[in-house]
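1. below are the sequence and a predicted model for it; my questions follow.
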Amino acid sequence: MADLAVGTPLDVYLAQVTQADAGLHDTAAVVAAIAEAAIGISAVIGRGALGGDLAASGEQNSDGDVQKALDVIAHERVTEALRGAPVATVASEEAEGVMVLNAAAPLAVAIDPLDGSSNIGVNMAVGTVFGIRPVVAGEDVEASFRTPGTTQLAAGFVSYGPATALIVTFGQGTQSFVLDRDQGKFRLTAAAMKIPAAAKEYAVNASNARFWDPPVKAFVEDCLRGTEGPRDKDFNMRWLGSMVADIQRVLTRGGVFLYPGDSRKGYARGRLRLLYEVAPVAMLIEQAGGAATDGQERILDMVAAGIHERAPLVCGSTDEVACVSTYYAGGKPDAGRSPLFGQRGLMRP
Ligand code: FDP
């Protein structure tokens, strides 16, 4: 693919993706459809409370969460857009079962129309997350979603923050675009995002600390100990509670994001859903040079048994993700003198 200049419109970029690999023609069309829907969703969010109470409670969704007005609006917008794209089936957070759109089409889309619902109505960033897979032919409409994350042809998210950004990968690096509101189109802002291998920032909902497994507790405790502990560096902590926004920060300046499993009822596999949250993020992170595991195993090798299945997520800068794995493997470093992280340690820069 030719080098792309900052400011290149999304449609020009998608044309180049297709030109370089004709097999991605339909996938690019799906990304274009989601981007179009996102422009509409962004406008709704941008009006805030002037557009009504976007946080108004409705029904319960597949996971038992109470749907908010914006969850429903976003689900309707993306579904409508995907109907006009080459999409056979959709697994949406906001629908119990797989939705069949055009059975003859080649692609299956897993999508969280509105990620970060608890931040609706308080002027915080929320998002839309998606992963696109080839259809597995046959009667079983879930079969296309029972494949490892490595089968994703493209993945991405839109974050509706101060700017509306689209972060996407077709397996050739991770690209970021920002919505040019004057022109009503996304424009390229980074042709190849690169997550620094080392970082000093972590993101985790620390209010769950007493429910965590010992390895996660030990990792975070040692981050908190900073230069007085085995990590021998001071950390900063950021947690917005909207996965897309936390992940965009990690993609942009490094760090590690954790939503581990914990001992609360229903949280053995964390909170995030494998198909339409964890696997798309894992592909974006890996394509930007980072790593994504459940603490031990690579996310992209995992296969969901059901469309709303959860998975723990540890992702971001490779050194930090590897460090979490070390704790899971029982390798907690000794204060100050660790062979792995201490004063004269192997991993000390
Ligand atoms: P939300 O429930 O508000 O939609 O999976 C959704 C998600 O938000 C993520 O965006 C976020 O990282 C996480 O859940 C927040 O969970 P906690 O409320 O447990 O921190």
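-> Thanks, I have the structure now.
2. tell me who's in contact with Leu4.
-> When contacts are counted by CB atoms under 8 Å, 6 or more residues apart in numbering, Leu4 touches Val12, Tyr13, Gln16, Leu188, Ala191. Every C-beta, even on glycine, is put in place using the N, C-alpha and C of the backbone.
3. strands - which of these land there?
-> By the criterion of DSSP state E, membership of the contacts of Leu4 in strands covers Leu188.
4. filter the contacts of Leu4 down to the buried ones and hand me the PyMOL line.
-> Typed into PyMOL, the line below selects the buried ones among the contacts of Leu4, using 16 or more other CB atoms under 10 Å:
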select buried, resi 13+188+191
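5. how about the contacts of Leu4 in JSON lines, adding pLDDT?
-> Listed next are the contacts of Leu4 as JSON lines, based on pLDDT from 0 to 100:
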{"residue": "Val12", "pLDDT": "98"}
{"residue": "Tyr13", "pLDDT": "98"}
{"residue": "Gln16", "pLDDT": "97"}
{"residue": "Leu188", "pLDDT": "98"}
{"residue": "Ala191", "pLDDT": "97"}
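6. among the contacts of Leu4, which one sits closest to the ligand?
-> Comparing those against the ligand with CB to the nearest ligand atom places Leu188 closest, at 25.4 Å.
7. and that closest one, what does it touch?
-> By CB under 8 Å, 6+ apart, Leu188 lies in contact with Leu4, Ala5, Val6, Gly7, Thr8, Pro9, Leu10, Tyr13, Gln175, Ser176, Phe177.
8. helix or strand: which one has Ala28?
-> Element membership of Ala28 [criterion: DSSP states H and E] is helix 25-46.
9. just list what that helix packs against, helices and strands only.
-> Secondary-structure packing of helix 25-46 (3 or more CB pairs under 8 Å, 6 or more residues apart in numbering; DSSP states H and E): helix 10-20, helix 69-83, strand 107-115, strand 126-134, strand 154-160, strand 164-169, strand 174-180, strand 185-190.
10. quick one: the helices in the stretch 151-300 of the chain?
-> 214-225, 243-253, 279-287 (DSSP state H, counting those that start in this stretch).
11. who wins for proximity to Thr89 among those?
-> Closest approach to Thr89 among those is made by helix 279-287 (15.8 Å; CB to CB).
12. what's next to that closest one, contact-wise?
-> With contact meaning CB under 8 Å, 6+ apart, helix 279-287 is reached by 110, 129-131, 149, 152, 155-157, 167-169, 171-174, 195, 243, 247, 250-251, 291-292, 298-300, 302, 304, 311, 313, 315-316.
13. try it again at 6 Å.
-> Identification of contacts with helix 279-287 by CB atoms under 6 Å, 6 or more residues apart in numbering yields 129, 131, 149, 152, 155, 167, 169, 173-174, 247, 292, 299-300, 315.
14. now the angle from it to strand 154-160?
-> 100 degrees (axes from the mean of the first three to the mean of the last three CA atoms, to 10 degrees).
15. using CSV, list the CA coordinates for helix 279-287.
-> C-alpha atoms of helix 279-287 as CSV (Å, rounded to 0.1, in the frame of the first residue of the first chain):
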residue,chain,number,x,y,z
ALA,A,279,-10.9,-9.9,20.6
PRO,A,280,-11.2,-6.7,18.5
VAL,A,281,-9.0,-4.8,21.1
ALA,A,282,-6.5,-7.7,21.1
MET,A,283,-6.1,-7.4,17.3
LEU,A,284,-5.7,-3.6,17.4
ILE,A,285,-3.1,-3.9,20.2
GLU,A,286,-1.1,-6.6,18.6
GLN,A,287,-1.1,-4.8,15.3
